[in-house]
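Student: I'd like to go over a predicted model; first the sequence, then the structure.
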Amino acid sequence: MADYIWLIPAMPAVGFLINGFLGWKLPKGVVSFVACLALFISFVVSAAVFIEFLKLAPDARLFEKNVYDWIVSGDFTAKVGFRVDALSIVMCLIVTGVGFLIHVYSVGYMHDDEGFARYFTYLNLFVFMMLILVTANNMLLMFVGWEGVGLCSYLLIGFWYKKDSAANAGKKAFIVNRIGDFGFLLGIFLLWTTLGAHGVSTLDFGLLQKNAHLITGCAATLITLLFFVGATGKSAQIPLYVWLPDAMEGPTPVSSLIHAATMVTAGVYMIARLNFLYVMAPTTMFVVTLIGVVTALFAATIGCAQYDIKRVLAYSTVSQLGYMFVGVGSGAFAAGIFHLMTHAFFKGLLFLAAGSVMHAMSGELDMRKMGGLKNRIPVTYWTFLAGCIAIAGVPGFSGFFSKDEIMWKVFANYGGSLFFWIIGAVTAGLTAFYMFRMFFTTFHGDCRATDEVKHHIHESPKVMTIPLMVLAVLSVVGGWVGIPRILGGSNHFERWLEPVFGPEREAAAPALNIVTPAFAENAAQAHASSAEGLLMAAAVIIALAGIFVAYYFYVRRPDIPGKFVAALPGVFRTVNNKYYVDELYQATFVRGLFVLGRFCKRVVDETLIDGTINGVAWLLRVVGGLIRLFQSGYVQGYAFALLLGAILALGYLIIRVVP
Amino acid sequence: MLHGVPTSFYFALSGALFTIGAIGVITRRNAIVVFMCIELMLNGVNLTFIAAGNMLGSVDGMIFVFFIMTVAAAEAAIGLAIFVLLFRLRGSVNLDEIHLLKG
């Protein structure tokens, strides 16, 4: 089986090439068939590897295959090689599985678009790059995928490039991502130099893990922080989250793909993949947790004051990604990946369902102009509800298990504290509130759409609703693979990932104890399952309270939100405008760069460089003008000069040399 | 070589020929005359070679002279052809009127 793992990323690449070169003259049916089939084969291969893994002992679950020597320089070799282990295969299954459903959905959603073939070309390329990212066996190849998904996000967000806002959003996503990628690249450099100083020149994950002990604490902190900068860009965390909400300009299935299957999960995956480095850097872990928790809360508050349903979902993704970082930041890598998986299910579902709502509402996004859709589009309604319940953390649904796992770990693990737990719990309450605010505003109450739109409301075709139903089922049951012990489960998911995360964490824990002595205390409590149960119950109550408040505000007493806004106009305006962060960035970084750019143009380019070039040209012209005076064209003049020269030379020789 | 004539006389004569030729090249306006003056200069040089070769008892001087005469003959052919064409084109071979290569 190990010989076939390269097929996982290769299949979407084949689909990309076929649709990219021939798509423009193939019929739509063939284009969509090729694109979907490519993903499906990848999914089947991933599933086959997964089944193969199940038969093997936990420690033997690792397939590695080098395909090609990419860069050979001295004793350093960068290979195009793939590594599939317990972590990668989870990612592969999510990317290809959810990706496949999104492809199928897109067939219906994009059916009347003139860029049909182009769309599926990009989509396949996106999945290809993401699979490269998750299956790469070294940092450099991972970076290829890392950049590749950035490129594809640009192409797809700006898919409707004739629209100004879409083109700008694409550029914004690309540039903000590039800032993060710069950190990532510096991280690779520093990692390589640090290990190179010990005579180990490799970027291969297996060898890195083996040699990680050579990296001292300070270097490890710096390296991991640089990688985290990359992660904040790709996974939309403070301060580089700003591109994600704007990314809503792309077609809705693209948002779904970016949010659920590809792209934003890359940062979380990368930290989980480099867990052996991160556990050596408690400072970084603390920073990751802090950024995660702040982002989670920050984005959740913004989500409460948006009216565009895709934007609410976008901020919700930023917030949920915050949770994932809280998970990996507090050392609970498995919990972070678990939440990544369940999030892929329910967020993929919610976006696709939102797309279905848009489809029904003739492209309307503003939820103030919706309402009462419950009976008009029942499949979308019920699947959307499943997604909302899952994300809100209602017990039994997938989001509950993963979120609870993270919340418990952040409290119990080293570096964690009750403070982080409280912020997390507040965020969970807000999440439940804004999700159900959106849900009730969209589907309940009276329909506020124009008669024209009302007349056209219709359920989406089967090709769109079936992926919704599959994802809805996954959103409900997806969490059951990780039921914690306290609820009678055995947390299969965490055990599954133990070969990747397990031993390293045990080894690093004592080192971390020195930094955070609170660990011992918390760990003692960790065994007291009463604490876990208590916290779980508290989180559930907060989530249910959030749902209830949303119900009360938007179904029972729809006048309250208006009064609320009227009472606190300033606060609402600030939050509705996303705390003016975009404006702040515009005023500082963008404007600052403009000033710098203008300086470079006016002073450096126009004055310095142009001045030098033009100065040289001017000098040559003046000297040439003087010299051309001698060029009279009279041949006898030249003859005279020749003779004079000869006489002078001879005279010199006679006077100086002869005596 | 004539007996009793010192080599220095030959040198003086060749120097005089060369100088007359050089002055002619610089001062005369007619291209043909200038051309003849160049021949005069070449012959002055030839005479020096012959005289020096005789004085040193070497044939090198004569070999040089043969080469110079060959080149001079070729040069005369090409040069005169140019002047003929020039005359057809401009109606004159006056060097004062020919300065197209002015910078």
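Tutor: Thanks, I have the structure now. Residues are numbered from 1 along each chain as shown, chains lettered A, B, ... in the order given.

Student: Low-confidence stretches in the stretch 551-659 of chain A?
Tutor: A:658-659 (pLDDT under 70).

Student: tally of neighbours for the closest residue to residue A:201 other than its chain neighbours?
Tutor: Once flanking residues are discounted, residue A:201 sits nearest to residue A:76: 4.4 Å by CB to CB, 6 or more residues apart in numbering or on different chains. All C-beta spots, glycine's among them, are computed from the backbone N, C-alpha and C. The tally of other residues near residue A:76 (other CB atoms under 10 Å in any protein chain shown) stands at 12.

Student: List the buried residues in stretch A:464-475.
Tutor: A:464-472, A:474-475 (16 or more other CB atoms under 10 Å in any protein chain shown).

Student: oh, I was asking about stretch A:259-274
Tutor: Those would be A:259-274, for stretch A:259-274 by 16+ other CB under 10 Å.

Student: Can you check the distance spanned by that stretch, start to finish?
Tutor: 22 Å (CA to CA, to the nearest Å).

Student: wait, does the longest helix belonging to chain B make contact with chain A?
Tutor: In chain B, taking DSSP state H as the definition, the longest helix is helix B:60-90. No - Helix B:60-90 stays clear of chain A (CB under 8 Å from any CB of the partner chain), getting no nearer than 11.9 Å.

Student: list the helices and strands that helix packs on?
Tutor: Secondary-structure packing of helix B:60-90 (3 or more CB pairs under 8 Å, 6 or more residues apart in numbering or on different chains; DSSP states H and E): helix B:31-56.

Student: ok and the helix it packs on relative to helix B:60-90, angle-wise?
Tutor: 180 degrees (axes from the mean of the first three to the mean of the last three CA atoms, to 10 degrees).

Student: chain center to the host helix or strand of residue A:45, what's the gap?
Tutor: If you go by DSSP states H and E, residue A:45 is part of helix A:28-55. For helix A:28-55, the separation from the chain centroid amounts to 23 Å (computed by CA atoms, centre = their mean, to the nearest Å).

Student: Now tell me what touches the helix or strand following that helix from outside.
Tutor: As assigned by DSSP H and E, the chain's next helix or strand after helix A:28-55 is strand A:62-73. Identification of contacts with strand A:62-73 by CB atoms under 8 Å, 6 or more residues apart in numbering or on different chains yields A:1-3, A:5-6, A:49, A:77-85, A:137, A:140-141, A:206, A:499.

Student: From the contact counts, what lies against the helix or strand just after strand A:62-73?
Tutor: As assigned by DSSP H and E, the chain's next helix or strand after strand A:62-73 is strand A:76-85. For strand A:76-85, the packing partners by 3+ CB pairs under 8 Å, 6+ apart come out as helix A:7-22, strand A:62-73, helix A:116-135, helix A:139-157.

Student: any idea of the mean pLDDT in the helix or strand following strand A:76-85?
Tutor: Counting by DSSP H and E, the next helix or strand C-terminal to strand A:76-85 is helix A:86-109. For helix A:86-109, mean pLDDT rounds to 92.

Student: about what we covered before: show me which residues of the longest helix of chain B are buried.
Tutor: Quick answer for helix B:60-90 (16+ other CB under 10 Å): B:61, B:64-65, B:68, B:72, B:79, B:83, B:86.

Student: Centre of the chain to it, how far?
Tutor: 10 Å.

Student: likewise stretch A:206-217?
Tutor: Here stretch A:206-217 is found 26 Å from its chain centre; the criterion is CA atoms, centre = their mean.

Student: Only the buried residues of the helix or strand where residue A:182 lies, if you could.
Tutor: Here residue A:182, judged by DSSP H and E, is contained in helix A:164-196. With burial defined by 16+ other CB under 10 Å, the residues of helix A:164-196 counted as buried are A:166-167, A:169-170, A:172-174, A:176-177, A:179-181, A:183-188, A:190-192, A:194-195.

Student: Excluding its own residues, what touches whichever helix or strand comes after it? List them.
Tutor: Using DSSP H and E, the helix or strand that follows helix A:164-196 in sequence is helix A:205-211. Applying CB under 8 Å, 6+ apart, the contact partners of helix A:205-211 are A:64, A:83, A:137-139, A:191, A:195, A:198, A:200, A:202, A:273-274, A:276-277, A:504.

Student: Considering these, which possesses the most neighbours?
Tutor: Most surrounded of those: other CB under 10 Å gives residue A:273, at 27 neighbours.

Student: quick one: contacts for that one?
Tutor: Applying CB under 8 Å, 6+ apart, the residues contacting residue A:273 are A:87, A:142, A:205.

Student: between these, which is closest to chain B?
Tutor: residue A:142 (64.6 Å; CB to the nearest CB).

Student: you'd agree the closest one is up against residue A:267?
Tutor: No - counting by CB atoms under 8 Å, residue A:142 stays clear of residue A:267, with 11.8 Å between them.

Student: circling back to that earlier point, show the average pLDDT along the helix holding residue A:45.
Tutor: 92.

Student: repeat for stretch A:242-251
Tutor: Averaging pLDDT along stretch A:242-251 gives 88.

Student: Lowest-confidence one in the buried residues of stretch A:259-274?
Tutor: Out of those, that is residue A:261, at 72.

Student: Surely it and residue A:93 touch.
Tutor: No - the criterion here is CB under 8 Å, and residue A:261 misses it with residue A:93 at 10.4 Å.

Student: got the buried residues for stretch B:16-27?
Tutor: Neighbour-count burial for stretch B:16-27 [16+ other CB under 10 Å]: B:17-18, B:21-22, B:24-26.

Student: could you dump stretch A:575-595 to PDB, C-alpha only?
Tutor: C-alpha atoms of stretch A:575-595 as PDB (Å, rounded to 0.1, in the frame of the first residue of the first chain):
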ATOM      1  CA  VAL A 575     -18.900  45.600  16.600                       C
ATOM      2  CA  ASN A 576     -20.900  45.700  13.400                       C
ATOM      3  CA  ASN A 577     -17.900  47.400  11.700                       C
ATOM      4  CA  LYS A 578     -15.700  44.600  13.000                       C
ATOM      5  CA  TYR A 579     -14.000  46.900  15.600                       C
ATOM      6  CA  TYR A 580     -12.700  48.900  12.700                       C
ATOM      7  CA  VAL A 581      -9.700  46.600  12.400                       C
ATOM      8  CA  ASP A 582      -9.800  46.800   8.600                       C
ATOM      9  CA  GLU A 583      -9.800  50.600   8.900                       C
ATOM     10  CA  LEU A 584      -6.900  50.500  11.400                       C
ATOM     11  CA  TYR A 585      -4.900  48.300   9.100                       C
ATOM     12  CA  GLN A 586      -5.800  50.500   6.200                       C
ATOM     13  CA  ALA A 587      -4.600  53.600   8.100                       C
ATOM     14  CA  THR A 588      -1.400  52.100   9.400                       C
ATOM     15  CA  PHE A 589       0.000  49.300   7.300                       C
ATOM     16  CA  VAL A 590      -1.600  49.900   4.000                       C
ATOM     17  CA  ARG A 591      -1.200  53.700   4.100                       C
ATOM     18  CA  GLY A 592       2.200  53.300   5.600                       C
ATOM     19  CA  LEU A 593       3.200  51.100   2.700                       C
ATOM     20  CA  PHE A 594       1.800  53.600   0.300                       C
ATOM     21  CA  VAL A 595       3.900  56.300   1.800                       C
END
